[in-house]
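> Just to be clear, the model below is a prediction. Sequence and coordinates:
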Amino acid sequence: MQIGIDKIGLFTPNTYLDLVMLANARGVDPDKYTIGIGQDQMAIAPLSQDSVTMAANAAREVLDDDNRDSIGLLILGTESGIDQSKAGALYVQRLLGLKNARAFEIKEACYGATAGLMTAYDFVTAHPNQKALVIGSDIARYGLDTPGEVTQGAGAVAMIVSAAPHLLALEPATAIHSDDIQDFWRPNYSKEAFARGKYSTEQYIEFFQATWADYRAQTGRTISDFKALTFHLPYTKMGLKALRTILPEATEAEQAQLLDRYQESTLYSRQIGNIYTGALYLGFLSLLEHSTQLVAGDRIGLFSYGSGAISEFFTGILQPSFEKQLAGADHKAMLAARRQLTMPEYENQFQAELPEDGSEYEIDLAMDNAPVILKGVKEHERNYQVRI
Ligand code: COA
């Protein structure tokens, strides 16, 4: 029985910052951001979008009358959760009109959605008539005028995991590497992440090499068995650094193809920025929705990395008619319809906060056209609404 990703959906807020503008404002050469780091724009979430609303907005794209009643598991991977106790997945379940799923939230930095995907794989193996909804949803915040500022972003990716999937059948072999390291973290009292940028990049590459070597040893496969390799993308240069370390294993023609596929996998990230848990799947989706070179039967590699840190390299086979499961035109239209923020608007939006003293606050919704929104807070409770 094959199990894997049946459908995949994307949501990102409708405002963004141009990173050449950010570079100019920070007195940095724009080439550092667009070439050295590899980012062009980043999505900026308004107060009316959080990890719950973005998750629900992304998931609406993959739910239909055929799969709605068979969702037995709903996992939200996030590192920008809105509550220390209650799972964001329960709000999401209600906002989607789902019921009685095993609904919970997973945290392990940017690995959370992969933990969800692997759990979903096991769940569907045990319950082939049921499906799982796995979502990665995050707002990446490093702080104004910090080195990591250019690697912020916001968005969510939602996946239906099922038996006989129509998009990508996951293969059983996976390689995992984990260790207790301090490369990126966010203490409970901080709204922004702390990152040791250089160390984090080194560890990401080392963890990739460890899982790649383990995967090769387990399966006997080589780089020639892959039509594309996709990576967790906190910024698009990061995955490229990891890919380059194994490219010498390929022929020159294969290297050129893998680099072309890599560039295709970075196009959404370049415009949306880092979405933490969803970033790998955003890259995977970008590849599928931009490449004209992939065909059913192709093997794709996926490298997931969550700081702290755990990495997993796993693979899947593109299924017949996988193109029919994609909505590239809609996703490109969503990005094209976004409004560019000015620097003052960005800084105001970044600094805007909900009250934390229990007082009532109604969010100005004039600029947010998303179907699921956060209306406001009252007595420490978030008031979510489905508008459409
Ligand atoms: N033109 C072109 N490239 C330029 C340039 C210019 N004018 N100026 C600098 N660059 C290049 C640098 O050579 C470097 O490229 P390289 O890494 O290939 O050598 C790149 O731009 C970044 O420059 P660097 O000096 O390393 O940037 P920094 O010290 O300001 O760090 C980040 C910026 C974003 C890389 C760092 O803060 C970071 O890694 N943050 C996030 C880490 C993270 O999120 N980790 C956890 C998730 S995995």
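On my side now, so go ahead.

> For the ligand, what's its nearest residue on the stretch 101-250 of the chain.
Of all residues in the stretch 101-250 of the chain, G197 sits closest to the ligand, at 2.8 Å by C-beta to the nearest ligand atom. Where C-beta positions appear, they are placed from N, C-alpha and C, glycine not excepted.

> quick one, what contacts that residue?
G197 makes contacts with 147-148, as judged by C-beta atoms under 8 Å, 6 or more residues apart in numbering.

> Please repeat the previous calculation with a cut-off of 6 Å.
Applying C-beta atoms under 6 Å, 6 or more residues apart in numbering to G197 gives the contacts P147.

> Could you check the pLDDT of it?
With respect to pLDDT, G197 scores 93.

> Over to I388?
What the model reports as pLDDT for I388 is 76.

> burial measure for the residue lying closest to it once chain neighbours are set aside, as a count.
In space, and not counting its chain neighbours, I388 is closest to P371: 4.3 Å by C-beta to C-beta, 6 or more residues apart in numbering. Around P371 there are 14 other residues, counting by other C-beta atoms under 10 Å.

> ok, P371 to the ligand distance?
P371 sits 30 Å away from the ligand, taking C-beta to the nearest ligand atom, to the nearest Å as the criterion.

> Tell me which stretches of the protein form helices.
Assigned by DSSP state H, the chain shows helices spanning 19-26, 30-31, 51-60, 88-95, 112-126, 197-219, 236-246, 252-265, 267-272, 279-290, 328-336, 343-351.

> So for the last one, mean pLDDT?
The pLDDT scores in helix 343-351 average 97.

> Compute the inter-axis angle for that helix and helix 19-26.
90 degrees (axes from the mean of the first three to the mean of the last three C-alpha atoms, to 10 degrees).

> Next, the buried residues of helix 343-351.
Residues of helix 343-351 classed as buried by neighbour count (16 or more other C-beta atoms under 10 Å): 346-347, 349-350.

> list the helices and strands that helix packs on?
In terms of contacts (3 or more C-beta pairs under 6 Å, 6 or more residues apart in numbering; DSSP states H and E), helix 343-351 is not packed against any helix or strand.

> For this protein, what lies in contact range of the ligand?
29, 31-32, 35-37, 110, 147-148, 150-151, 184, 195, 197, 200-201, 204, 234-235, 237, 305, 307 (C-beta under 6 Å from any ligand atom).

> now with 8 Å?
The chain has residues 28-33, 35-37, 109-110, 140, 142, 146-148, 150-151, 183-184, 193, 195-198, 200-201, 204, 232, 234-235, 237-238, 241, 274, 276, 305-307 near the ligand, with proximity defined as C-beta under 8 Å from any ligand atom.

> What about those, which are in strands?
Counting by DSSP state E, the residues of the chain next to the ligand place 140, 184, 195, 305-306 in strands.
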